[in-house]
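Undergrad: give me the fold of what follows.
(chains A, B, C and D)
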Number of protein chains: 2
Amino acid sequence: MSLREPGGRRPTMRDVAARAQVSFKTVSRVVNDEGGVSPPLERRVRKAIDELDFRPNVGARILRRSDRRTASIGLLLEDVANPFSAAVQRAVEDEAEHRGVVVYSASLDEDPARERALAKAFGARNVDGLLLVPAGDDQSHLAAELRAGTAIVCVDREANNLPVDSVVTTNEIGAAEGVRHLAAAGHRRIAFLGDRTTIATARQRYVGYEEALRGLGLSVDPALVVRDVRDAGVADGAVTALLGRPDPPTAFFTAQNLVTVGAVRALRRLGREHAVALVGFDDFLLADLLRPGVTVVAQDPTAIGRIAAGLLFARIDGDTSPPQRRLVPTTLIRRGSGEIAPD
Amino acid sequence: MSLREPGGRRPTMRDVAARAQVSFKTVSRVVNDEGGVSPPLERRVRKAIDELDFRPNVGARILRRSDRRTASIGLLLEDVANPFSAAVQRAVEDEAEHRGVVVYSASLDEDPARERALAKAFGARNVDGLLLVPAGDDQSHLAAELRAGTAIVCVDREANNLPVDSVVTTNEIGAAEGVRHLAAAGHRRIAFLGDRTTIATARQRYVGYEEALRGLGLSVDPALVVRDVRDAGVADGAVTALLGRPDPPTAFFTAQNLVTVGAVRALRRLGREHAVALVGFDDFLLADLLRPGVTVVAQDPTAIGRIAAGLLFARIDGDTSPPQRRLVPTTLIRRGSGEIAPD
DNA sequence: CTGTTAGCGCTTTCAT
DNA sequence: ATGAAAGCGCTAACAG
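TA: Sure thing, here's the model as predicted:
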């Protein structure tokens, strides 16, 4: 039921007080369960709250409160349309809802300018914390935010020039494991296809590729390395070009989910999917139903989101220990494409 | 640069005013580009703003402003981990960012209690508008929110008991088209596998299935209809059971993306994927790379999100025309599985 | 062009 | 147990 008069004005504590015939401080006591209100008065106040459908104005409350908490956090992802980001967001939402915290969310598309603009927009709204997938090589612009008391945790990549916690995948180790898996099947000419080198994880996965090859006594052939692959289409083209060489690779290590998809498309079109081996970094839906199934080094975005949110809330709750880096391990999932032997 | 003293207190307009030796109203004028400030004063103020790294407190501004706008909206999805929801969110984000509006986001998991709780939480934060994928059969709890001036637009499903705009897929038409496509390949025994019947779109797609069969002069065999399929695993089991019948279906129409995935898994396991036809509702990544490719009735979540956000912003900007229902058409994409003829 | 005053809706502090 | 007054940081309305 609502007796609110038209005009779009929300009822305030004063309206409730007038209706219940009490002072508006008494309403505040009831709304905040402060106690010290006699049962009959409390009943009257609760009745008036119901009848007017009163809801406390969170903005006004925050303004006056001593702790200055807004019970809100900001989540800055790469792109929520990518399943990896979406899984992170879902995990963060669950942790936040659990604590009565609301989540602002935005996609940055790897654009440092958007990182600055959106962090600023969320900061101006006094979020208690910021969960950030860094979009550039310099997060020092957030130093003032940190000093103002906003907790910050970086997700999937570490921050640069900013002393904050981060939660990251074991990119080098995982990539190296994937490459060694291909070598174990007998491959010596293993190509690398990676995402933009502006992205730290792409660089780390490349390092893992190099290290694995060196550890195996194999040399890195620059002709088999294609970096800065920005989407599935480019990956498709790169695979096609590499397989057209006189001395083509017998296996591919693709360092990002969309790159892997592009590689699968190319192998299919060339009819080489059962002849050329493939291991991808980051799992994706239906990878098991393709033929051959796509062997991947799987990440755990749900764990990443959950751990990052946990760290953030700990900081918000006053944890002042030194910044830490939490590592989330990968899992090699064998499905067929990575177990193909060279000709 | 930041000269802010430690303690986590953000500088206010008064701090800026003191540093620039002007009245704090002058600071307000500069911050809001109101004009009417002499260049030398403005310079001093801007310098102080920079030095203190001042940012206006959005909460305080909203409290005092006459228009009461918060430049924020709430987005209540089914589950952001589902690619359909994620695509809607991305489209909404883009429209919002474009207008300088921030977005709160949450997943409801089809739970009406969460719909109420989260709508309330966002309402208490005075969002200008709410974009909602309804989770139950009754949205009347939002009437007070609407009266208080919050714009509301429903996404993917219409609201019940609430006069608001909605943006929905042509579910009946699309489903009927998918079923007719199977019939055109010669099928007479077409099974239906649908999502939970509490979900309006699942009911509409079933109606489309029935209508198509009737229009073709075919009868609906209840033994071939399985509703309330809640995930891919259940879909897998249902397909397996139906194909084990003495008089099995020769084709399947699966009315949701995860249901389709489950059906593909079952057909694969049974080795029947090239013998039994399949058309799914809602497209998904890699559907084209499966063998056979999965024929789908594709929705357009990006268009849905964009149109819904557009309607919402129009309402926020004062549009008071009668509630409208916007339809977004589907597209049949032939990839092989839907073109298989019966034995 | 610049400044003063009031007050948004609420919590805090202090009185009764 | 209840209430009155002050004031969070800002904008609106009104001076000079």
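Undergrad: on the three-state scheme, the closest residue to A:Ala298 other than its chain neighbours is what?
TA: Leaving aside its chain neighbours, A:Ala298 sits nearest to A:Asp283 (3.9 Å; criterion: CB to CB, 6 or more residues apart in numbering or on different chains). For every residue, glycine as well, the C-beta is placed using N, CA and C. Three-state call for A:Asp283 (DSSP: H, G, I helix; E, B strand; the rest coil): coil.
Undergrad: how about the contacts made by A:Asp283?
TA: A:Asn257, A:Val296, A:Ala298, A:Gln299, A:Ile333 (CB atoms under 8 Å, 6 or more residues apart in numbering or on different chains).
Undergrad: the second one touches A:Leu278, doesn't it?
TA: No. Between A:Val296 and A:Leu278 no contact is recorded; they are 9.3 Å apart, counting by CB atoms under 8 Å.
Undergrad: which residues are common contacts for these two?
TA: Common neighbours of A:Val296 and A:Leu278 (CB under 8 Å, 6+ apart) are A:Thr260, A:Gly338.
Undergrad: what's the distance between the closest residue to chain B within the stretch 151-300 of chain A and B:Ala144?
TA: Relative to chain B, the nearest point of the stretch 151-300 of chain A is A:Leu286 (4.7 Å; CB to the nearest CB). Separation of A:Leu286 from B:Ala144 (CB to CB, to the nearest Å) stands at 44 Å.
Undergrad: before we move on, the earlier item: could you measure from the residue nearest to A:Ala298 over to DNA strand C?
TA: Per CB to the nearest atom of the strand, to the nearest Å, A:Asp283 is found 46 Å from DNA strand C.
Undergrad: quick one: low-confidence parts of chain A?
TA: Within chain A, the stretches with pLDDT under 70 are A:1-8.
Undergrad: swap in 50 and give it another go.
TA: Scanning chain A with the threshold set as pLDDT under 50 gives A:1-6.
Undergrad: get me the contact residues on chain A for DNA strand D.
TA: A:22-23, A:25-26, A:29, A:35-38, A:41, A:60, A:63-64 (CB under 7 Å from any atom of the strand).
Undergrad: tell me, how many residues neighbour the residue of the stretch 101-250 of chain A found nearest DNA strand D?
TA: In the stretch 101-250 of chain A, the residue that lies nearest DNA strand D is A:Ala124 (8.7 Å; CB to the nearest atom of the strand). Residues contacting A:Ala124 under the criterion other CB atoms under 10 Å in any protein chain shown number 16.
Undergrad: contacting residues around it?
TA: B:Arg55, B:Pro56, B:Asn57, B:Val58.
Undergrad: filter these down to the buried ones, ChimeraX style.
TA: Buried residues within the contacts of A:Ala124, by 16 or more other CB atoms under 10 Å in any protein chain shown, are selected in ChimeraX with:
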select /B:55,56,57,58
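Undergrad: what is the nearest of the contacts of A:Ala124 to DNA strand C?
TA: Of the contacts of A:Ala124, the one sitting nearest to DNA strand C (CB to the nearest atom of the strand) turns out to be B:Asn57, at 10.9 Å.
Undergrad: residue contacts, that closest one?
TA: A:Leu63, A:Ala124, A:Asn126, B:Arg10, B:Thr12.
Undergrad: tell me how far stretch A:28-43 is from the chain's mean position?
TA: Counting by CA atoms, centre = their mean, to the nearest Å, stretch A:28-43 is centred 42 Å from the centre of its parent chain.
Undergrad: quick one: contacts of it?
TA: Here stretch A:28-43 has contacts from A:Met13, A:Ala20, A:Val22, A:Thr26, A:Val45, A:Arg46, A:Ile49, A:Pro56, using CB under 8 Å, 6+ apart.
Undergrad: which among those residues count as buried?
TA: A:Met13, A:Ala20, A:Val22, A:Thr26, A:Val45, A:Ile49, A:Pro56.
Undergrad: got those as JSON lines, with secondary structure and distance to A:Ala308 columns?
TA: Listed next are the buried ones among the contacts of stretch A:28-43 as JSON lines, based on DSSP: H, G, I helix; E, B strand; the rest coil; distance: CB to CB, whole Å:
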{"residue": "A:Met13", "secondary structure": "helix", "distance to A:Ala308": "37"}
{"residue": "A:Ala20", "secondary structure": "helix", "distance to A:Ala308": "44"}
{"residue": "A:Val22", "secondary structure": "coil", "distance to A:Ala308": "45"}
{"residue": "A:Thr26", "secondary structure": "helix", "distance to A:Ala308": "42"}
{"residue": "A:Val45", "secondary structure": "helix", "distance to A:Ala308": "41"}
{"residue": "A:Ile49", "secondary structure": "helix", "distance to A:Ala308": "37"}
{"residue": "A:Pro56", "secondary structure": "coil", "distance to A:Ala308": "30"}
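Undergrad: how about those in a markdown table, adding distance to B:Ala185?
TA: Shown next, in a markdown table, are the buried ones among the contacts of stretch A:28-43 (distance: CB to CB, whole Å):
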| residue | distance to B:Ala185 |
| --- | --- |
| A:Met13 | 66 |
| A:Ala20 | 69 |
| A:Val22 | 73 |
| A:Thr26 | 72 |
| A:Val45 | 67 |
| A:Ile49 | 61 |
| A:Pro56 | 60 |
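Undergrad: among those, which two are most distant?
TA: Greatest spacing in the buried ones among the contacts of stretch A:28-43, by CB to CB: A:Val22 and A:Pro56 (16.1 Å).
Undergrad: quick one, helices of chain A?
TA: A:13-20, A:24-31, A:39-52, A:58-64, A:83-98, A:112-124, A:143-147, A:171-184, A:200-215, A:232-243, A:257-270, A:301-316 (DSSP state H).
Undergrad: please say whether there is contact between the fifth one and chain B.
TA: If I follow you right, that is helix A:83-98. Yes. Using CB under 8 Å from any CB of the partner chain, helix A:83-98 reaches chain B at A:Pro83, A:Ala86, A:Ala87, A:Gln89, A:Arg90, A:Glu93, A:Glu97.
Undergrad: my read: A:Leu118 touches A:Ala106, true?
TA: Yes. If you go by CB under 8 Å, A:Leu118 and A:Ala106 touch, sitting 4.8 Å apart.
Undergrad: which neighbours do these two share?
TA: With contacts defined as CB under 8 Å, 6+ apart, the residues shared by A:Leu118 and A:Ala106 are A:Gly74, A:Leu76, B:Glu97.
Undergrad: near DNA strand C, which of these show up?
TA: Of these, not one also sits near DNA strand C (CB under 7 Å from any atom of the strand).
Undergrad: ok, the residues you listed vs A:Ala202, which is closest?
TA: A:Leu76 (18.7 Å).
Undergrad: mind listing what the closest one touches?
TA: A:Ala106, A:Leu108, A:Glu115, A:Leu118, A:Ala119, A:Phe122, A:Leu130, A:Leu131, A:Leu132, A:Val133, A:Ala135.
Undergrad: cool, and A:Asp111?
TA: Contacts of A:Asp111 by CB under 8 Å, 6+ apart are A:Ala135.
Undergrad: next one: phi and psi at it?
TA: phi -100, psi 110 (degrees, to the nearest 10).
Undergrad: so how far is A:Asp79 from it?
TA: 11 Å.
Undergrad: surely A:Tyr104 meets A:Gly74?
TA: Yes. Because the distance of 4.5 Å satisfies CB under 8 Å, A:Tyr104 is recorded as touching A:Gly74.
Undergrad: the more surrounded of the two?
TA: A:Gly74 (23 against 20).
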